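# Here is a sequence with its predicted model. Questions after.
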Amino acid sequence: MQKSKLLVAVLGALCAMPVFAADAPAAPAAPAVTANVGFTTDYVFNGISQNYRSPALQGGFDYTPASGLYLGTWASNISGNQYTNASMEWDMYGGYNGKVNDDLGYQVGLISVMYPGGKTADPTASVYKKWDTSEAILGATWKSLNVKLTYTLTDWYGINTSGYSPTMTADGSPTADTADTGSKGSTYVEANYTYEISEGLSVIAHAGHQKIQNFAKLDYTDYKLAVSKLYQGFTYALAYTTTNATDNNLYHVKINGDDKVLSGNILAASVSRSF
């Protein structure tokens with residue numbers, strides 16, 4: 001499943017007009033390079049648990065010069081039960097955050113989601129396939145509302161039929177339904193609304209829809225409601241997520257009698273800090 005996530009694209013710093021006041025010290029410039037680290041009781045991305053309903057340690061670095069450009073990298077531990085032969089998700093991303101006016105902004109970017117060592121282990125596969133995925137991002141923000149479209153430039157997290165041994169008909173010819181089919185061009189559309197209750201305390205509502213190109217049975221919609229509090233430099237959050245994802249081996253994993261519904265109702269707590 002997609003990580004990264006969420007993904008995670010970071011808002012870059014926007015140009016600001018200088019403010020002059022007699023005898024007033026100049027405000028310190030925001031650092032161009034920042035680091036972040038966090039812990040969550042369940043790494044949930046686009047409605048799906050990425051770490052087999054288990055805690056995750058996460059962190060990254062971002063470079064956001066005043067031009068609006070941004071570059072960054074981020075990583076999290078993930079479960080090899082979902083991403084075979086992998087234990088880490090590593091994201092690299094970059095793009096541009098622009099501003100039309102004080103209320104309206106936009107974002108264009110690219111993200112590469114990698115799983116070092118990760119590859120499928122289906123015994124019917126004649127070649128192994130990697131989970132690595134690259135995506136393009138287009139977003140817009142109006143006041144407290146953000147909308148975003150993510151478009152996969154590769155297969156969606158290893159989902160395709162190429163490399164599999166074809167099913168044969170009686171005369172030894174491949175059946176028609178075994179033609180190579182990829183999931184390039186999959187999309188995720190989302191809307192996020194943030195309501196600030198008081199300084200540092202916010203409620204976030206999210207809705208998103210995942211469409212997997214050529215694999216409609218995997219499509220789903222997810223919803224999330226979260227509360228976030230900034231306190232003494234740390235951000236604490238509690239989020240509830242639910243989806244209508246169907247019961248299949250991408251969203252419901254059964255291993256040696258262990259049954260995990262990865263797309264079910266999930267309540268996750270997290271704490272993070274930026275430096």
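Received the coordinates, thanks. Numbers count the residues shown, from 1 in each chain.

# Can you name every helix or strand that the least confident helix or strand in the chain by mean pLDDT contacts?
The helix or strand of the chain with the lowest confidence, counting by mean pLDDT, DSSP states H and E, is strand 252-255 at a mean of 81. When contacts are defined as 3 or more Cβ pairs under 8 Å, 6 or more residues apart in numbering; DSSP states H and E, strand 252-255 packs onto strand 258-261. C-beta here means a position set from N, CA and C on the backbone, and glycine is covered the same way.

# how close does the nearest residue to Asn265 once chain neighbours are set aside get to Tyr70?
Once flanking residues are discounted, Asn265 sits nearest to Thr242: 4.9 Å by Cβ to Cβ, 6 or more residues apart in numbering. Thr242 sits 31 Å away from Tyr70, going by Cβ to Cβ, to the nearest Å.

# try Ala140
Computed as Cβ to Cβ, the Ala140 to Tyr70 distance reads 16 Å.

# Between these two, tell me which one has more neighbours.
Higher neighbour count among Ala140 and Tyr70: Tyr70, with 21 against 15, using other Cβ atoms under 10 Å.

# which non-adjacent residue is nearest Ala56?
Among residues not flanking Ala56 along the chain, Tyr43 sits closest, at 3.9 Å (Cβ to Cβ, 6+ apart).

# hang on, I meant Tyr115
Ala86 is the one closest to Tyr115 (Cβ to Cβ, 6+ apart), at 3.8 Å.

# neighbours around that neighbour, how many?
21.

# I figured the residue nearest to Ala56 hits Gln58, correct?
Yes - Tyr43 lies in contact with Gln58 (Cβ atoms under 8 Å); the separation is 7.1 Å.

# which residues do the two both contact?
Taking Cβ atoms under 8 Å, 6 or more residues apart in numbering as the criterion, Tyr43 and Gln58 both touch Ser76, Asn77.

# the more surrounded of the two?
Between Tyr43 and Gln58, counted using other Cβ under 10 Å, Tyr43 has the larger neighbour count: 28 against 20.

# so who does that one touch?
Lys3, Lys5, Ser49, Gln50, Asn51, Ala56, Gln58, Ser76, Asn77, Ile78, Ala268.

# What's opposite the residue nearest to Leu201 when sequence neighbours are not counted in the beta bridge?
Once flanking residues are discounted, Leu201 sits nearest to Lys229: 5.1 Å by Cβ to Cβ, 6+ apart. In this entry, Lys229 is beta-bridged to Leu201, Tyr236, by DSSP bridges.

# can you tell me which residues contact Lys229?
By Cβ under 8 Å, 6+ apart, the residues touching Lys229 are Gly200, Leu201, Ser202, Thr235, Tyr236, Ala237.

# quick one: the fifth one and Phe39, what's the gap?
This means Tyr236. 11 Å.

# Next: the fourth one.
Distance of Thr235 to Phe39, given as Cβ to Cβ: 11 Å.

# Overlap in contacts, those two.
Val271, Ser272.

# These two: which is more packed in?
Thr235 (17 against 13).

# got the contact list for the more buried one?
If you count contacts by Cβ under 8 Å, 6+ apart, Thr235 has them with Ser228, Lys229, Val271, Ser272, Arg273.

# For it, report the pLDDT, please.
Looking at Thr235, its pLDDT reads 98.

# what does the one 5 residues further on give?
The predicted local confidence for Tyr240 comes out at a pLDDT of 98.

# my guess is it contacts Val227, does it?
No - using Cβ under 8 Å, Tyr240 is not in contact with Val227; the gap is 9.5 Å.

# Hmm, Ala191 is touching His206, no?
Yes - between Ala191 and His206 there is a contact under Cβ under 8 Å: 7.2 Å.

# More neighbours: which of these two?
Counted by other Cβ under 10 Å, Ala191 and His206 do not tie: His206 has more neighbours, with 19 against 13.

# does that one really touch Tyr240, like I thought?
No - assessed by Cβ under 8 Å, His206 is found out of contact with Tyr240, at 10.5 Å.
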